[in-house]
Every structure is written in C-alpha cells, then in structure tokens.
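Engineer: quick one: sequence plus predicted model below, questions after.
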Amino acid sequence: MKDDTRLVHAGKDPEHHYGIVNMPVYRASTVLSPTLSAFKARAEGDRKYRGVRYGAYGTPTTFALADAVAGLEGGAGAVATASGLSAVTMALAAFVRQGDHILMVDSVYSPTREFCDAMLARFGVETTYYDPLIGESIEGLIRPETRIVFCESPGSLTFEVQDIPAIAAAAHRHGAVVLLDNTWATPLFFKPFDHGVDVSIQAGTKYISGHSDLVIGIVTARTEELFRRLKDTTFLFGDIPGPDDCYLALRGLRSMGARLRRHQESAMTAARWLQARPEVRRVLFPALPGDPGHDLWRRDFTGASSLFGVVLETGDEAAVARMVDGYRYFKIGASWGGYESLVLPANPKGVRTAAPWTAPGYVLRFHVGLEDPEDLIADLADGFMRLAG
Ligand SMILES: Cc1ncc(COP(=O)(O)O)c(C=O)c1O
C-alpha cells in the first residue's frame, strides 16, 4: 500500500462500528469482563500489549492512531504518548538503567537535552553529546556501557542532516539501540527502519495533528520485542494520551500528505527567496542545493517539511525585533507543523557543547504554513524594510 492510501485508510474499522467511517472516540477507564477467566485472559500474550484492558493501556481510538503511524513508519508496533516530549523521554527511559551511557546528538531539541542532564543524570545515566556531522566516527565515542545512540535529523533548530545508516551501523556493532526523533521529516519523508533506526519518535503535535490544537506523541519500534518494552514503560509511567486527542491526531493524519506537499513547495519558495536576500547570511534548509546536508538529504529523504533556519547578517537584536514584531503572518510562537506560519529566535550559541555554534548573525527559525506564498514573501520583504530601519 502506498503512503497516501495508508493515510486515508489506516486506523479505521467501520465494519465493527455500524459502518461509521471514522474510528469513534472511546473514552474509558474501566473495561468490564464477563468472567474471571476472561479478565485474566486480557493480560495474556499479545492481548497484554494490543488488547483493550483498562483505559491506561489505551482504547481502540489510541490503538488506531498508534497502528496508523506504525504502518507509515514501517515498524512492528507503536505506542501513543501524552506529548512529543514524553515520546522522547519514554523511549530514552525504556532502554537505560543505572550506570548506562547515552550518546546524544548536540543539535537535539533542547528539552530532550534537559531530560538527559537534569533527570537521567539523577538516576545514574550519563550522557555524552556528539557532533551531528560525526558520521561513522561515532564509533570512537561508544563505550561498553553505551546503550542508546540518539539522533535527530535534521536538528530542529540548526538543521544538520545526520548520516543515520553510518551511525546506526556503528551503534549496532556495539549492541546499542538507535533512537531517532523523526518529527521534521514525518514518516512520509524519511523511513527510519530502512536506514538502521530501532525506535522512531514523532511529536504528533506537529505535522500529524497539523492544526495547532493538541499535544501528542507516538513512538514506533522496529521489532515486536522493542515495542513491548516501550509499551511496558509507558504504562508504568502512566503516560497515555486522551482519546479525544488521539481522534484529532488521526483526523490530522488523513490530510497530512496533501498538507506536506504544499508545506514543502511553499517552504522551498520562501527559502530560495530568502537565500537571495542581502540581509541573509545563510538559509539552514537541507532541501536547498548547496546546503551542507543536501547530499545526505537527497540520498536518504524523499521530501522536506517546512521548518528551516535563517542566519541573518546582523546580530542587532533590536533591529531583528523591529522586523519580527511587525510580521503580519509569521507570528512568534513555539511549536510548528500547524497550518499557520511561525517564527522563533533560535539562539543555538548558548546550547551546544560538542559542536559549538560559532557563526555570527542572529538565527531565526521559520515555519512556513499553508498561506499563499506570495503573501508570505511580501510579509518577509516588509520585514527587511523594518530591519533596515
Ligand atoms: C524535534 C521535536 N521533538 C519533540 C518535540 C516535543 O513535542 P511536544 O511539544 O509535543 O512535547 C518538539 C517540540 O517542539 C520538537 O521540535
């Protein structure tokens, strides 16, 4: 089945729901069993992981979303979580114990970093940050106690593309599990399990939901064994999204292919236009020819979403504020992947440790929404006039 067809048909079961085309919202805590033996049977074998047992294990609505995303990613099974961040933290927590070591990409989403430094460190798990461009040389950083190699490609602030197959091959030679935050590419533009990844993470809050109205995560595992470990972990942490949010995420998924094609086209238009501006030192977008990550992106990805960075010539914060504060459509806000355009200061300088960000110039992150690209470019052009004062 092609992805566009899967987007339309995955996670539906009309035959068991009066012919209703969408999976209904099942709200549940208690699930009744007719007999004691039926109650016990709910916790046995596959039913423990995929059956309806109790609300905190998920309902048919939760499973419909998880299964749809697992199918798109190409994994054995997926678990839906309460947020994109909890999808990350559950995946990390599932595979480490006291004394273990994690290799974490230096360009990672900042709260992932904070979780390692502030939380996992308290439980005796050590994290080493590595240069996103390290490639197969990551082997030199792997220790006997390294359990996880975590990737985010491209990095969601500075957009370096990682050589995932080379990193995964090195990690697997030493028995480490490869985790990838695949939110930028979505399961449509990067197939993690074809490139050596073991566990793929989606902040479903972004392009999957697509409408800036909910927070949710999905973690997909390459094998059944990894999936079960994830499921056990999320249950024990009590991490479960509400069924209404699962329903909305599934609804978003239906149009994700169409939205992403438009996002991609408009992002390319805006990025090319920005690249040609004298106020712009660099556009950080691997889909642009000439970007340092372009060759790897062409080799491994089938498309680009609409989140990219811009390094300005100026570092003058007051001038940048004049430009950004006056945008009509690029509103200032965290998150991305929704229908609307956004802008955010990136400030990678203060964050990095393994590969410090030294480029001069103010860094902004743009999310290109579904507005008409001509209006967006006019908005950007007006902004440069304000920048010039
Ligand atoms: C790359 C990446 N991963 C994970 C997350 C976390 O997602 P959520 O906001 O749903 O917790 C974000 C949020 O911005 C993100 O950018």
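Structural biologist: Structure received. Just so it is clear, the structure is predicted and the values come from calculations on it, not from any experiment. Numbering: from 1, shown residues only.

Engineer: give me the phi and psi for residue 116.
Structural biologist: Main-chain dihedrals, residue 116, degrees, to the nearest 10: phi -70, psi -50.

Engineer: what's near enough to touch it?
Structural biologist: Residue 116 makes contacts with 92, 102, 104, 125, 127, as judged by CB atoms under 8 Å, 6 or more residues apart in numbering. Quick note: C-beta positions are derived from backbone N, CA and C, even for glycine.

Engineer: please repeat the previous calculation with a cut-off of 10 Å.
Structural biologist: Each residue near residue 116 by CB atoms under 10 Å, 6 or more residues apart in numbering is listed here: 88-89, 92, 96, 102, 104, 108, 125-129, 148, 150.

Engineer: ok, and the most crowded of the residues you listed?
Structural biologist: Neighbour counts for the contacts of residue 116 (other CB atoms under 10 Å) peak at residue 150, which has 29 neighbours.

Engineer: which of the residues in stretch 331-341 are buried?
Structural biologist: The neighbour-count check on stretch 331-341 (16 or more other CB atoms under 10 Å) flags 336-338, 340-341 as buried.

Engineer: rewinding a little: what is the nearest of the contacts of residue 116 to the ligand?
Structural biologist: residue 88 (5.7 Å; CB to the nearest ligand atom).

Engineer: residues near the nearest residue to that closest one once chain neighbours are set aside, how many?
Structural biologist: Nearest in space to residue 88, with sequence neighbours left out and distances taken as CB to CB, 6 or more residues apart in numbering, is residue 112 at 5.0 Å. By the criterion of other CB under 10 Å, residue 112 has 24 neighbours.

Engineer: residue 112 against residue 201, yeah?
Structural biologist: Yes: with contact defined as CB atoms under 10 Å, residue 112 and residue 201 form a contacting pair (9.3 Å).

Engineer: what's the overlap in contacts for the two?
Structural biologist: 84-85, 88-89, 91-92, 150, 152, 179, 181.

Engineer: residue contacts, the residue in the stretch 251-389 of the chain positioned nearest to the ligand?
Structural biologist: Residue nearest to the ligand within the stretch 251-389 of the chain (CB to the nearest ligand atom): residue 335, separated by 5.3 Å. Counting by CB under 10 Å, 6+ apart, residue 335 makes contact with 84, 203, 205-206, 209, 212, 215, 342, 344, 367.

Engineer: at 8 Å instead, please
Structural biologist: Neighbouring residues of residue 335 by CB under 8 Å, 6+ apart: 205-206, 212, 342.

Engineer: go on, residue 248?
Structural biologist: Contacts of residue 248 by CB under 8 Å, 6+ apart are 209, 211, 213-214.

Engineer: also residue 86?
Structural biologist: 217, 237, 239.

Engineer: state the helix or strand in which it lies.
Structural biologist: Using DSSP states H and E, residue 86 sits within helix 84-94.

Engineer: pLDDT of that helix, averaged?
Structural biologist: For helix 84-94, mean pLDDT rounds to 98.

Engineer: do stretch 371-385 as well
Structural biologist: In the prediction, stretch 371-385 has an average pLDDT of 98.

Engineer: where does the stretch 51-200 of the chain have low pLDDT?
Structural biologist: Judged by pLDDT under 70, the stretch 51-200 of the chain has no weakly predicted residues.

Engineer: report the closest residue of it relative to the ligand.
Structural biologist: Closest point on the stretch 51-200 of the chain to the ligand, by CB to the nearest ligand atom, is residue 84, at 2.2 Å.

Engineer: does that residue touch residue 209 like I think?
Structural biologist: No: shown here, residue 84 and residue 209 do not form a contact pair, counting by CB atoms under 8 Å, at 10.0 Å.

Engineer: so what sits against both of the two?
Structural biologist: Common contacts of residue 84 and residue 209, defined by CB under 8 Å, 6+ apart, comprise residue 216.

Engineer: which among the contacts of residue 248 end up buried?
Structural biologist: So, by 16+ other CB under 10 Å, the buried ones in the contacts of residue 248 are 209, 214.

Engineer: wait, which of the contacts of residue 248 is closest to residue 273?
Structural biologist: Distance to residue 273, by CB to CB, is smallest for residue 211 among these, at 26.3 Å.

Engineer: residues contacting that closest one?
Structural biologist: 248, 252, 338-339.
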